[in-house]
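> My questions are about this predicted structure, shown below with the sequence.
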Amino acid sequence: KVEYICTVISFVFKPLLKTYFPNSTLLIDHFHVIRLINDQLNHTRKTIIRKHIKR
């Protein structure tokens, strides 16, 4: 009867969810998606800044 499951981004849970809740829809917490995007943007920004400082 479980329709939706909201969890953090982790592929560890996916096999368990498919086994125990095969008809459910997996939802990912938007906070973690935004955090990952921000982390990657910061990494890219720092890489670009380091390249320009070396010149």
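Here it is on my side, so go on.
> List the residues that contact residue 27.
4-7 (CB atoms under 8 Å, 6 or more residues apart in numbering). Glycine gets a C-beta too; all of them are placed from N, C-alpha and C.
> Check for me that it belongs to a strand.
Yes: under DSSP: H, G, I helix; E, B strand; the rest coil, residue 27 falls within a strand.
> Tell me the confidence at it?
pLDDT, residue 27: 88.
> What ranges does the chain have for its helices?
13-20, 30-53 (DSSP state H).
> which stretch in those has the least confidence?
helix 13-20 (a mean of 87).
> from the contacts of residue 27, which single one is nearest residue 25?
Relative to residue 25, the closest of those is residue 4; by CB to CB it sits at 5.1 Å.
> Inside strands: which ones of the contacts of residue 27?
Among those, the members falling in strands (DSSP state E) are 4-7.
> CSV please, covering these and showing distance to residue 13, neighbour count and pLDDT.
Output for the ones in strands among the contacts of residue 27, formatted as CSV (distance: CB to CB, whole Å; neighbours: other CB atoms under 10 Å; pLDDT from 0 to 100):
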residue, distance to residue 13, neighbour count, pLDDT
4, 14, 9, 93
5, 8, 15, 89
6, 11, 10, 87
7, 6, 14, 83
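> now, which of these sits nearest residue 21?
Distances from residue 21 to these, taken as CB to CB, are shortest for residue 5 (6.1 Å).
> Quickly note the distance from that closest one to residue 19.
Distance check for residue 5 against residue 19: by CB to CB, to the nearest Å, it reads 12 Å.
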